[in-house]
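>>> Show me how the following folds:
(one chain, ligands or ions: 2)
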Amino acid sequence: MEGEDEDHEFLFNTSADQSFNKHERVIIHIDIDCFYAQVEMILNPSLRGKPLGIKQKNIVVTCNYEARALGVEKLMTIKSALEKCPSLILANGEDLKKYREMSEKIYQVLQSYSLFVEKLGFDENFIDVTHKVVKCPEVPQVITGHTFQDSDGICACGCTERLAQGSFIAQKMRDRLRDELGITSCAGIAFNKLLAKLIGTTHKPNQQTTLLSTSSLSLIKSLKHPRNIPGIGSAINRKLEALGIDTIEKLQSAEIFKLTEALGAKIANQIQQLSFGIDNSHVKITDRPKSIGAEDGFTPIRSEVEVQKKLTCLLDRVLELVEKDGRKPSQLKLTVRKLHPSSHSVRESRQTTIEYATETGSSTHQGPGGEKQKVKLMTTLKNLFEKIIDCDVSWQVTLLGISFSGFPSSNSASPVKNSINKYFHLKASSSRSEEPQPPAKRGRFDESVLQELPPDIRQEVLQDMQNQLPSSDAQKPTDFNCPKGIDPLVFYELPMEIREELLAEERMKKQTIKRKPNNLLQYFRKAS
Ligand code: TTP
Ligand code: MG
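Ligands and ions are numbered 1, 2, ... in the order given. Okay, here's the model as predicted:
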């Protein structure tokens, strides 16, 4: 999202990996156009073509581009927005459920292109498509969409060709979002996350822009003030201003010891590198929590009525979190801390399977459906409590905790899992043949091992596995496995069986085995 004022955790960790200093990577940043407004227009098409604002309390958090043309801006008060545009239609945007659901669908579409998708808020995603980029000289080098280039210089490392292919992939992603979900978006394509995010905003709405690496410094300088660099929020900015640093150039030439004194070494280094457009951070695969819960500790309570009061409050809090998360849990756990007569405490938990209804009528479970569900859940909690505490003898409790888990994982059918399986199968396969292996021949891998790894290590493992994929993996066309004379991007779009057939033809040709002319190969050579 634009316009963030807080210093959030660094999205752009510049110290991550110096080997990325060249322009090896291809990163796409996708930001949905007027996100909440688009969702409202999809749900109610009669709003299309009319100026529409989405309100939360007395603020217009966003508005469609018709309203923007009439002077309405994001984060205006409703009063000023209506002064600018009296015909503005206002939709209530306080129930986030529909936006969250669309956000999830967008994420799923993007994940079908690359395992490396990092979700940022509801409507932004970074996608690393480096591994999708074909190292074939015959690939079209034309950039799809706009190009940001302020000089004639072209980098010799091959990044322009890679970015051109990235722009082609970005267009495909955006086309799919439009065709499948009816959503339009903007994309930025560059060799790092920071630059991809920045360049994507230069042509809006429903457009995409590619930044050539030779122009990255001028893009950064065009931001003018350091506060316009994503990652530099108001707190850092205040400290920079106190040092008299109010332009990008001043930040670039600032003495590092002065920056370090004010901000600490880590941030000082990071922001100075950002001011040169350097960002080596990885696209981190977005993880979701395995459980959602809350606990409450208190002075000892001894009656079931008090327990019920506490659990009702806790349940309300946790249901709100579950609702915000948007997934449907299948397990409910109660944790109780019992105070023994000898005054030592013991924690004990019990868990059970639940039927959780997602359509409860309101995001805060206040509707009739929500009330019914709460009553059912309270009964379940009471049963769990009675399994932990024998209510017939005296007892004291000093903590209660509720947690939901057993969410339908992104795991079972999602493209992520499939991709992870694929990579592990390949890695674990004893065969290092250049030929694509049928799934049955591939090794098996316990995926939980991957899930247990810390995110950074997991990222490295996945990256490493990608690097080790046999070049014949049909998902990853390279100059080695794309038949000569065929546009690899055309090749990549073909169904797997056709690709395998083409590769088989090519191999046979190489082995100079006499056979009749290859019609399939001829066809694609002509077509591309
Ligand atoms: P943005 O991507 O900043 O805005 P947008 O998608 O509406 O418009 P643009 O075409 O310029 O990208 O934010 C995404 C959604 O987040 C937005 O639709 C509404 C919501 N939002 C807030 O809830 N609070 C905020 O302060 C902002 C800026 C956005
Ligand atoms: Mg947006």
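
>>> From now on I want contacts and neighbour counts done on CA atoms only, so please keep to that.
OK.

>>> And the helices in the stretch 201-350 of the chain?
Assigned by DSSP state H, counting those that start in this stretch, the helices in the stretch 201-350 of the chain fall at 216-221, 234-242, 248-253, 256-263, 265-274, 304-325.

>>> Pull out the buried positions in stretch 393-404.
For stretch 393-404, burial by neighbour count (16 or more other Cα atoms under 10 Å) applies to 395-404.

>>> And stretch 317-333, by the same measure?
Those would be 317-319, 321-323, 326-333, for stretch 317-333 by 16+ other Cα under 10 Å.

>>> for the stretch 151-300 of the chain, which spans come out with low pLDDT?
Along the stretch 151-300 of the chain, no part satisfies pLDDT under 70.

>>> For ligand 1, what's its nearest residue on it.
Nearest residue of the stretch 151-300 of the chain to ligand 1, counting by Cα to the nearest ligand atom: Pro205, 6.2 Å away.

>>> Same question for the stretch 101-250 of the chain.
Counting by Cα to the nearest ligand atom, the stretch 101-250 of the chain gets nearest ligand 1 through Asp123, at 5.4 Å.

>>> for that residue, what are its contacts?
1, 30-32, 35, 103 (Cα atoms under 8 Å, 6 or more residues apart in numbering).

>>> Let's see that with 7 Å instead.
By Cα atoms under 7 Å, 6 or more residues apart in numbering, Asp123 lies in contact with 31-32, 35, 103.

>>> picking up where we left off before, lowest pLDDT pick from the buried residues of stretch 317-333?
Among the buried residues of stretch 317-333, Gly326 carries the lowest pLDDT, at 78.

>>> how close does Leu274 get to Glu320?
37 Å (Cα to Cα, to the nearest Å).

>>> just the contacts of Asp123 now: which is nearest ligand 1?
When the contacts of Asp123 are compared against ligand 1 (criterion: Cα to the nearest ligand atom), the nearest one is Phe35, at 3.7 Å.

>>> Taking the chain, what residue is nearest to ligand 2?
Ile32 (4.2 Å; Cα to the ion).

>>> tell me the phi and psi of that residue?
Ile32 adopts backbone torsions of phi -70, psi 140, taken as degrees, to the nearest 10.

>>> Which strand residues bridge it?
Beta bridges link Ile32 to Ser185, judged by DSSP bridges.

>>> List, out of the contacts of Asp123, those positioned next to ligand 1.
31-32, 35 (Cα under 6 Å from any ligand atom).

>>> that older thread, mind listing which of the buried residues of stretch 393-404 are in strands?
397-404 (DSSP state E).

>>> If we check ligand 2, which of those residues are in contact?
Filtering these for proximity to ligand 2 by Cα under 5 Å from the ion leaves nothing.

>>> Now tabulate those in CSV and tack on pLDDT.
Converted to CSV, those look like this (pLDDT from 0 to 100):
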residue, pLDDT
Val397, 95
Thr398, 94
Leu399, 94
Leu400, 96
Gly401, 95
Ile402, 96
Ser403, 95
Phe404, 96
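
>>> and which of these is nearest Tyr99?
Closest approach between these and Tyr99, by Cα to Cα: Phe404, at 22.2 Å.

>>> for that closest one, what are its contacts?
Phe404 neighbours (Cα under 7 Å, 6+ apart): 291-293, 329, 331-333.

>>> Tell me the pLDDT of Arg499.
64.

>>> what's around Thr247, how many residues?
18 (other Cα atoms under 10 Å).

>>> I meant to write Ile271 there.
As a burial measure, Ile271 scores 27 neighbours (other Cα under 10 Å).

>>> Could you pull up phi and psi at the closest residue to it other than its chain neighbours?
The shortest distance from Ile271 to any non-neighbouring residue, by Cα to Cα, 6 or more residues apart in numbering, is to Ile232 (7.3 Å). Backbone torsions for Ile232, taken as degrees, to the nearest 10, come to phi -100, psi 100.

>>> re the thing from before, out of the buried residues of stretch 393-404, who's nearest Thr209?
Nearest to Thr209 among the buried residues of stretch 393-404, with distances taken as Cα to Cα, is Phe404, at 42.4 Å.

>>> now that we're looking at the closest one, how far away is ligand 1 from it?
Using Cα to the nearest ligand atom, to the nearest Å, Phe404 is found at 26 Å from ligand 1.

>>> Just the CA atoms of the strand ranked longest in the chain, as PDB, please.
Taking DSSP E as the criterion, the chain has its longest strand at strand 291-301. This file holds the C-alpha atoms of strand 291-301, laid out as PDB (Å, rounded to 0.1, in the frame of the first residue of the first chain):
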ATOM      1  CA  SER A 291      -2.900 -21.700  14.900                       C
ATOM      2  CA  ILE A 292      -4.700 -18.600  16.000                       C
ATOM      3  CA  GLY A 293      -5.400 -18.000  19.700                       C
ATOM      4  CA  ALA A 294      -5.100 -15.900  22.800                       C
ATOM      5  CA  GLU A 295      -4.600 -16.500  26.500                       C
ATOM      6  CA  ASP A 296      -5.600 -14.600  29.600                       C
ATOM      7  CA  GLY A 297      -3.900 -14.900  33.000                       C
ATOM      8  CA  PHE A 298      -5.600 -13.700  36.200                       C
ATOM      9  CA  THR A 299      -5.800 -14.000  40.000                       C
ATOM     10  CA  PRO A 300      -7.300 -17.400  40.900                       C
ATOM     11  CA  ILE A 301     -10.900 -18.000  40.000                       C
END
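
>>> Tell me which residues of that strand come out buried.
Buried residues in strand 291-301 (16+ other Cα under 10 Å): 292-293, 295, 301.

>>> Please enumerate the strands of the stretch 1-150 of the chain.
27-32, 52-56, 59-63, 76-77, 89-92, 117-120, 124-128, 146-148 (DSSP state E, counting those that start in this stretch).

>>> most packed of these?
Highest mean neighbour count among the strands of the stretch 1-150 of the chain (mean count of other Cα atoms under 10 Å): strand 27-32, with a mean of 28.

>>> Spatially nearest residue to Thr202, not counting backbone neighbours?
Closest residue to Thr202 apart from its sequence neighbours, by Cα to Cα, 6+ apart: Thr209 at 7.2 Å.

>>> likewise Ala164?
Per Cα to Cα, 6+ apart, closest to Ala164 is Ile143, 4.4 Å.

>>> how close does Leu315 get to Arg288?
In this view, Leu315 and Arg288 are 21 Å apart by Cα to Cα.

>>> Settle this for me: Ser103 is touching Glu124, isn't it.
No - counting by Cα atoms under 7 Å, Ser103 sits too far from Glu124 to count as a contact (8.8 Å).

>>> How about the closest residue to ligand 1 within the stretch 251-400 of the chain: what's its closest non-neighbour residue?
Among all residues of the stretch 251-400 of the chain, Lys324 sits closest to ligand 1, at 13.6 Å; criterion: Cα to the nearest ligand atom. Closest residue to Lys324 apart from its sequence neighbours, by Cα to Cα, 6+ apart: Lys97 at 6.9 Å.

>>> now Phe276
Leu217 (6.1 Å).

>>> Number of residues surrounding that neighbour?
Using other Cα under 10 Å, Leu217 is surrounded by 15 other residues.

>>> Next: the one 3 residues further on.
For Ile220, the count of nearby residues is 24 (other Cα under 10 Å).

>>> Nearest spatial neighbour of it, chain-adjacent residues omitted?
Using Cα to Cα, 6+ apart, the nearest residue to Ile220 is Gly277, at 6.2 Å.

>>> just checking, the one you found touches Ser216?
Yes - contact status for Gly277 versus Ser216: in contact at 6.3 Å, counting by Cα under 7 Å.

>>> Spell out which parts of the stretch 301-450 of the chain neighbour ligand 2.
So the stretch 301-450 of the chain never meets ligand 2 (Cα under 5 Å from the ion).
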